[in-house]
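**Q** I would like to see how this sequence folds:
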Amino acid sequence: MTRSTLEPHSLACVTAKSVRRRGWVRNGSAFACAALMLGLLLGATAPWAWDVQRMTVAAQLRGPKAVTGLKALQSVMLAAIDAEEEARVGAINQFFNRRVVFRPDSEVWAQVDYWASPFEFLEKGEGDCEDFAIAKYFSLLISGVPAQKLRLVYVRAQLGGPDGPALAHMVLAYYPKPGAEPLILDNLITDVRPASRRPDLSPVFSFNAEGLWEGTGSQNSGDPVARLSRWRDVISKARTEGFLP
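**A** Numbers count the residues shown, from 1 in each chain. As a prediction, the model looks like this:
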């Protein structure tokens, strides 16, 4: 759906096929054992605690695809645990872009706009741009990336050049250092690119668990949990699933 302005509670996402690729993209005991090992490894270095029990139980309650997805995510994190932070960012981005298929909320949830938790996303195996950005955000948190380095960003995605239609879209921005140019994690392209190589994306506002900003600026505009009801719901679900303490 083409929009002249963005509506935070009704986000139309762009499919990979519709955008140019230009620059600004069980065994129960064994499963529990792997989760415990990862939790112990991450716990020594990560600022966010991996709640092994909650994650294991939540994945099992969600369904077999969520369990399989969590095990695969654990494998990615174990492989990248000694890697540089940017390498972990790339690994998580690649994991979700390869594992999950883009589908609009109307097809996945029979709703105009629904923000899925990471396990809901993995269980469905499909979702829209918010779901990709949300799953990457929480997965990077538990991998040890500080929250202040991550922002979910509403953007206008320009199709077909400067005169083409602008569609509402969401990406995840990663800031290696304060004030640095962000790297953009997007479901539309496979690789992580600097913002300067994504001229097709125009930031509107950004947020994380700590703040809400106009564009990607530094002026905090308020509490995102209070102002964005769907974000509040996702925070609650992510906490239940063990992605937050």
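
**Q** who's in contact with Asp105?
**A** Asp105 makes contact with 111-114, 127-128, according to Cβ atoms under 8 Å, 6 or more residues apart in numbering. For glycine as for every other residue, the C-beta is placed from the backbone atoms N, C-alpha and C.

**Q** Dihedrals phi and psi, it?
**A** When read as degrees, to the nearest 10, the backbone of Asp105 gives phi -60, psi -30.

**Q** What distance do you get for it to Arg99?
**A** The gap separating Asp105 from Arg99 is 19 Å, by Cβ to Cβ, to the nearest Å.

**Q** do Asn187 as well
**A** Counting by Cβ to Cβ, the gap from Asn187 to Arg99 is 11 Å.

**Q** Among those two, which residue is more densely surrounded?
**A** Between Asn187 and Arg99, counting by other Cβ atoms under 10 Å, Asn187 is the more crowded of the two (29 against 16).

**Q** helix, strand or coil for that one?
**A** Per DSSP: H, G, I helix; E, B strand; the rest coil, the secondary structure class of Asn187 is coil.

**Q** can you give me the strands for this protein?
**A** 101-102, 126-127, 150-158, 166-174, 183-185, 193-194, 201-207, 212-214 (DSSP state E).

**Q** re earlier: from the contacts of Asp105, which would you call buried?
**A** 113-114, 127-128 (16 or more other Cβ atoms under 10 Å).

**Q** now the protein, which segments are flagged as low pLDDT?
**A** The model of the chain has pLDDT under 70 over residues 1-50, 160-161.

**Q** mind listing the helices for it?
**A** For the chain, helices defined by DSSP state H occupy the ranges 28-43, 52-62, 64-79, 85-99, 105-108, 118-124, 129-142, 224-227, 229-240.

**Q** returning to what we had before: and which of the contacts of Asp105 is nearest Glu214?
**A** Of all the contacts of Asp105, Asp113 has the smallest distance to Glu214: 21.4 Å, by Cβ to Cβ.
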